[in-house]
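Novice: one predicted model, sequence on top.
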Amino acid sequence: MAQEADALIQDLVNQTKRLEGQLAQALAEQDRLRNSPEHRLGQLFLVRLRLGVPHRFFVKLGGRVSRVLRHWKLRVESHFTGPRKRVMASICGNFPIYSQTFVYQELVQLQKHGFEVRHAYSFSLPRKDLHAAFELLWKRRRLLPHDFEQHRGDFEHYRRRSPRRVDELITELIQATGMTKEAILCHDDFLRGFSFTRMVEAWRPEWLHSYFFYERSLYSLIAGWILEIPRGISTYADHVLDDYAFKVVPLHLRLCEVVVATSARIKRELLALAPGTDPDKIVVKPNAIDSEHFPVIERHQPGPEWPWRLCCVARIEPKKGTLHLAEAIRILKFDRGRKIELHLIGEPDRGNQASQDYATKLSEFCAKNNLWGTIHLEGRKQQSEVRKFLEGSHLFVAPFVETDSGDKDGIPTALLEAMATGIGTITTDSGSMLEVISPGIDGLVVPQRDPTALADAIEQLMTDPQRRKQLGKAAAEKVRKEFDVRVCEGRLHSRINAALGHSSTHFSSCEPITKQQ
């Protein structure tokens, strides 16, 4: 008990230090901005010359004009889609996010197979973070800015226009979240969902689709409910996390026409969370890759003077288990005398403190154990660059784990891309890995959080070139047979088409709302 109390106190001390550091950085940034030429210029124009009032007026006017133009652009575009079915997607506030290739792949395939896609975002990140294979999504993004006053106005707009639908929605959310009506009505995400609804109404889609169970799926839920548009959701791993007030998984499952589970394990977990859900509405469709971008590579045994090159492609965060892989590398190099190097492609999530802390622990471990120069942190890479690393590596390792919070991987795109090249692959028994790799047939599987077992498996393939080649060949064949976009993505397309074909609700059902009120 005393040890647990000491550990808790130490954790609180560490958290306090981190918060103090963040506060110091914020204060320093505040001082920098106050002393900047831009701030002084603003003080001159807005304070001394008393131009603040007209400035705010024109900013507000400009925002309204910009919003009207965005909506008119969507409305005009909707009339020129021909026979293609219009889809409005909502993913995350930021776009693009370089690690979300699995989402962008799904949207690209919708666009290529008879659907016209638009997707909402709020903050633009560098275009270079979008892999070249998904470039067509850049021009199909549409801005949903954060403007609390506008969100409140959009909510009032729909409450006047369709009070019964809005009141029923609020009742559903009260029951699903346990929140009070007052808490829901002043929540930014709830109100912002009505601004998203205005965007949706301008685009007039036949289908809504969202990803994960965070705020963007809440927006889709609101728009689908108010405008009576059928919708779907693609699910990954966050359904098991209690980390969002509106994570109303059972409500989403009840209201969606189609639910995509990216592994059979995820489907079982969803049904356990919402036992009354019709299992047939949940389609198991793994993350898929375009294997044509990852041709099979002939690999040769390195010479005695050259090291074995291992590759791992993963964000630096707890569920990726890279600390365990670093320990396995230490065992192989210093305890067993193997010539080896690891190229770790990925970086910590800049907006996630747990990810930043994990990266710090990894750096400290490498420094303490003299592993710099053996372990190379390569940072984030584009798809073409990842392919080059895979081509130059002898083995691929995915040391993923399930965290104490329940967070875990589904079927990682990086693992499929590696397998497609025919590389010998080693992973763990975490998440849905056993739905990808059949142990001993197309890869090796070891217990998670076991660096010695990882080291043993790596050494086993280093010393058995024939088996390594057989596993790689089987892996490449499996990916093309079971995890290629040409095999997987049609499952979603056919489900959407079936839902639209049999659904009695179409966008035209939204038009009479004004007439009813």
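Specialist: Perfect, I can see it now.

Novice: pull the contacting residues for Tyr98.
Specialist: Neighbour list for Tyr98: Asp129, Leu130, His131, Arg380, Gln382 [criterion: CB atoms under 8 Å, 6 or more residues apart in numbering]. C-beta here means a position set from N, CA and C on the backbone, and glycine is covered the same way.

Novice: before we move on, what about Phe483?
Specialist: Pro286, Asn287, Ala288, Ile289, Ser291, Ile411, Leu416, Val436.

Novice: ok, and what's touching stretch 288-301?
Specialist: With CB under 8 Å, 6+ apart as the test, stretch 288-301 has contacts from 105-106, 109, 133, 383, 387, 390-391, 394, 413, 416-417, 420-423, 465, 472-473, 476, 479-480, 483-485, 487-489.

Novice: what is the end-to-end distance of it?
Specialist: Taking CA to CA, to the nearest Å, the first and last residues of stretch 288-301 lie 30 Å apart.

Novice: and it, which residues are buried?
Specialist: Ala288, Ile289, Asp290, Ser291, Phe294, Val296, Ile297, Arg299 (16 or more other CB atoms under 10 Å).

Novice: doesn't Arg142 fall inside a strand?
Specialist: Yes. Arg142 sits within a strand when classified using DSSP: H, G, I helix; E, B strand; the rest coil.

Novice: find the residue closest to Ile91 in space, skipping its chain neighbours.
Specialist: Counting by CB to CB, 6 or more residues apart in numbering, Ile91 lies nearest to Tyr211, which is 4.8 Å off, once chain neighbours are set aside.

Novice: just the ones in strands from the contacts of Phe483, please.
Specialist: When the contacts of Phe483 are checked against strands (DSSP state E), there are no matches.

Novice: mind putting those residues in TSV, pLDDT and distance to Lys320 included?
Specialist: Formatted as TSV, the entries for those read as follows, by pLDDT from 0 to 100; distance: CB to CB, whole Å:
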residue	pLDDT	distance to Lys320
Pro286	93	19
Asn287	91	16
Ala288	93	21
Ile289	94	19
Ser291	94	23
Ile411	88	14
Leu416	96	16
Val436	94	16
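
Novice: Leu173: which of those is nearest?
Specialist: Within the contacts of Phe483, distances to Leu173 taken as CB to CB reach their minimum at Asn287, with 30.0 Å.

Novice: quick check: that closest one touching Pro412?
Specialist: Yes. Because the distance of 7.4 Å satisfies CB atoms under 8 Å, Asn287 is recorded as touching Pro412.

Novice: any regions of the chain where pLDDT drops low?
Specialist: Of all residues in the chain, those with pLDDT under 70 make up the ranges 1-26, 29, 33, 38-63, 502-517.

Novice: so how far is Ser405 from Thr428?
Specialist: Spatial separation of Thr428 from Ser405 under the definition CB to CB, to the nearest Å is 18 Å.

Novice: quick one: which of these two has more around it?
Specialist: Counted by other CB atoms under 10 Å, Thr428 and Ser405 do not tie: Thr428 has more neighbours, with 28 against 13.

Novice: tell me how far that one lies from Glu298.
Specialist: Distance from Thr428 to Glu298, by CB to CB: 27 Å.

Novice: how far away from the center of its chain is the helix or strand hosting Leu251?
Specialist: Leu251 belongs to helix 249-255 when assigned by DSSP states H and E. Taking CA atoms, centre = their mean, to the nearest Å, the mean C-alpha location of helix 249-255 is offset from the chain mean by 20 Å.

Novice: show the buried residues in the contacts of stretch 288-301.
Specialist: When these are checked for burial by 16+ other CB under 10 Å, the buried set is 105-106, 109, 133, 383, 387, 390, 394, 413, 416-417, 420-423, 472, 476, 479-480, 483-485, 487-489.

Novice: Leu208 touches Gly224, doesn't it?
Specialist: Yes. When contacts are counted by CB under 8 Å, Leu208 is listed as touching Gly224 (5.2 Å).

Novice: between these two, what contacts are shared?
Specialist: If you check Leu208 and Gly224 against CB under 8 Å, 6+ apart, the residues they both contact are Pro230, Arg231.

Novice: quick one: secondary structure of Val68?
Specialist: Counting by three-state DSSP, the three-state call for Val68 is helix.

Novice: quick revisit: for the residue nearest to Ile91, which residues are in contact?
Specialist: For Tyr211, counting by CB under 8 Å, 6+ apart, the contacting residues are Ala89, Ser90, Ile91, Cys92, Val103, Ser217, Ile233, Ser234, Tyr236.

Novice: among these, which ones are in strands?
Specialist: Within these, residues falling in strands by DSSP E are Ala89, Ser90, Ile233, Ser234.

Novice: identify, from those residues, the entry nearest to Ile458.
Specialist: When the ones in strands among the contacts of Tyr211 are compared for distance to Ile458, the smallest value, 33.6 Å, is given by Ser234; criterion: CB to CB.
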